[in-house]
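Asker: Predicted coordinates and the sequence they were generated for:
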Amino acid sequence: MAATALVSAVGLVVDDRVLVGAPIWAKPFKFAVSFLAYGLSLAWTLSLLPRGRRTGRWAGTVVALTGLVEMVIITGQAIRGRRSHFNYETAFDTALYDVMAVTVVVLWLATLALAVLLLRADIADRASAWAVRCGIVLALAGAAVGFLMAQPAPGQHRGSSDVVGAHSVGVPDGGPSMPLTGWSTTGGDLRVPHFLGMHALQLLPLLVMALSALAPRFPRLADGLVRRRLVLLAAAGYAAAFALVLQQALRGQPLIHPDGTTLGAAGLLLAALAAGTYATLRAPARAAVPGVAPAESPAVTEEPVS
């Protein structure tokens with residue numbers, strides 16, 4: 001994926017072809033970077049499993065191989081100057097898209113198997129445990145948005161239309177869009193919740209790492225229970241934000257042009273997160289009980305230097 005991202009970045013510079021309103025190498029580049037982050041995150045979560053690592057390795061291998069097949073087709077179609085997704089124009093294009101549809105389902109099921117392992121795993125640090133559990137469940141939800149994109153848009157019909165499926169809602173694909181992301185600025189775009197959900201698997205564990213790094217300067221964060229509560233609060237807020245941008249996209253509303261209902265819901269969500277964070281940090285510290293080990297592992301542990 002790193003190599004594909006590099007090649008695609010070169011393609012963005014030297015190849016000026018445009019497809020569906022975007023540079024033709026933009027999709028291979030974005031997918032390669034996304035798969036790179038996703039794969040590294042899954043590899044890290046597998047290292048946390050105390051049991052079931054053999055099953056986890058098999059599931060991780062399936063994710064890697066299906067991602068590879070997907071990228072070969074996406075990059076090959078970019079070279080040919082053809083759409084990779086929703087393309088039924090020729091028998092060959094249809095066959096390639098059908099293969100992609102199968103690989104996506106297999107990838108989703110393999111990730112589901114990893115989610116089951118993580119939900120059942122007894123991970124020592126509870127904050128990390130809940131970060132990866134919530135992260136992979138949200139990633140599954142984000143990936144499932146892709147199945148919504150594959151449904152026929154208005155005016156499209158399976159078996160007769162050259163294109164069946166769309167990223168945008170309420171407007172055709174390829175219209176005015178945001179720089180870099182390519183998300184629509186005139187209608188809803190299902191790629192927004194798709195992106196947000198899938199990358200919870202990186203952002204929530206990064207929050208745990210940030211809290212642990214800050215623990216030496218802020219004693220409240222040295223309490224494992226406080227870190228766990230902050231992670232659960234962040235996961236709940238993340239899930240609410242995912243639901244908010246999903247309904248915004250389904251209503252045909254651009255991300256950068258929210259209406260009063262969306263703004264109001266976002267304001268309430270931010271207020272709830274701020275109040276929850278304040279309450280968690282201001283809660284009295286737990287008193288140590290002689291002879292009883294703490295329920296949570298510490299933020300920083302010292303290891304012998306070899």
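Answerer: Received, thanks.
Asker: Next, the residues that contact stretch 147-161 from outside, please.
Answerer: H85, F86, Y88, A101, V163, V164, G165, A166, H167, L190, R191, H194 (C-beta atoms under 8 Å, 6 or more residues apart in numbering). Quick note: C-beta positions are derived from backbone N, CA and C, even for glycine.
Asker: farthest-separated two in the residues you listed?
Answerer: Y88 and H194 (21.3 Å; C-beta to C-beta).
Asker: Return the members of the contacts of stretch 147-161 classed as buried.
Answerer: Buried members of the contacts of stretch 147-161, scored by 16 or more other C-beta atoms under 10 Å, are H85, F86, Y88, V163, V164, G165, A166, H167, L190, R191, H194.
Asker: which ones are touching the first one?
Answerer: The reference is to H85. Y97, M100, M149, G165.
Asker: Those in helices, which ones?
Answerer: Those of the contacts of H85 mapping onto helices are Y97, M100, M149, per DSSP state H.
Asker: what's the burial count for the first one?
Answerer: Going back to what we said before, that points to Y97. Y97: 21 surrounding residues under other C-beta atoms under 10 Å.
Asker: can you count the residues close to V171?
Answerer: 18.
Asker: can you tell me the helix or strand for A234?
Answerer: Secondary structure assignment for A234, by DSSP states H and E: helix 224-250.
Asker: elements contacting the helix or strand following that helix?
Answerer: Note on helix 224-250: by DSSP H and E, the next helix or strand toward the C-terminus is helix 260-282. Applying 3 or more C-beta pairs under 8 Å, 6 or more residues apart in numbering; DSSP states H and E, we find helix 260-282 packed against helix 224-250.
Asker: between the helix it packs on and helix 260-282, how big is the angle?
Answerer: 180 degrees (axes from the mean of the first three to the mean of the last three C-alpha atoms, to 10 degrees).
Asker: any idea how far helix 224-250 is from the chain center?
Answerer: Distance of helix 224-250 from its chain centroid, counting by C-alpha atoms, centre = their mean, to the nearest Å, is 13 Å.
Asker: Buried residues, that helix. List them.
Answerer: Neighbour counts over helix 224-250 (16+ other C-beta under 10 Å) mark 224-235, 237-239, 241-242, 244-246, 248-249 as buried.
Asker: and that helix, average pLDDT?
Answerer: For helix 224-250, mean pLDDT is 96.
Asker: give me the number of residues near Q202?
Answerer: Q202: 16 surrounding residues under other C-beta under 10 Å.
Asker: Could you measure from it over to G21?
Answerer: Distance of Q202 to G21, given as C-beta to C-beta, to the nearest Å: 28 Å.
Asker: follow-up on the earlier one: I74: which of the contacts of H85 is nearest?
Answerer: Of the contacts of H85, the one sitting nearest to I74 (C-beta to C-beta) turns out to be M100, at 8.0 Å.
Asker: For burial, what's the neighbour tally of that closest one?
Answerer: Residues near M100, counting by other C-beta under 10 Å: 21.
Asker: My read is that it contacts E70, right?
Answerer: Yes. Here M100 reaches E70: they are 5.9 Å apart, a contact under C-beta atoms under 8 Å.
Asker: tell me, what residue is most central in this structure?
Answerer: With distances taken as C-alpha atoms, centre = their mean, M198 lies nearest the centre of the chain, 1.3 Å away.
Asker: so what's that one up against?
Answerer: Neighbours of M198 in contact, by C-beta under 8 Å, 6+ apart: S34, Y38, A139, G142, A143.
Asker: how does it look with 7 Å?
Answerer: By C-beta atoms under 7 Å, 6 or more residues apart in numbering, the residues touching M198 are Y38, A139, G142, A143.
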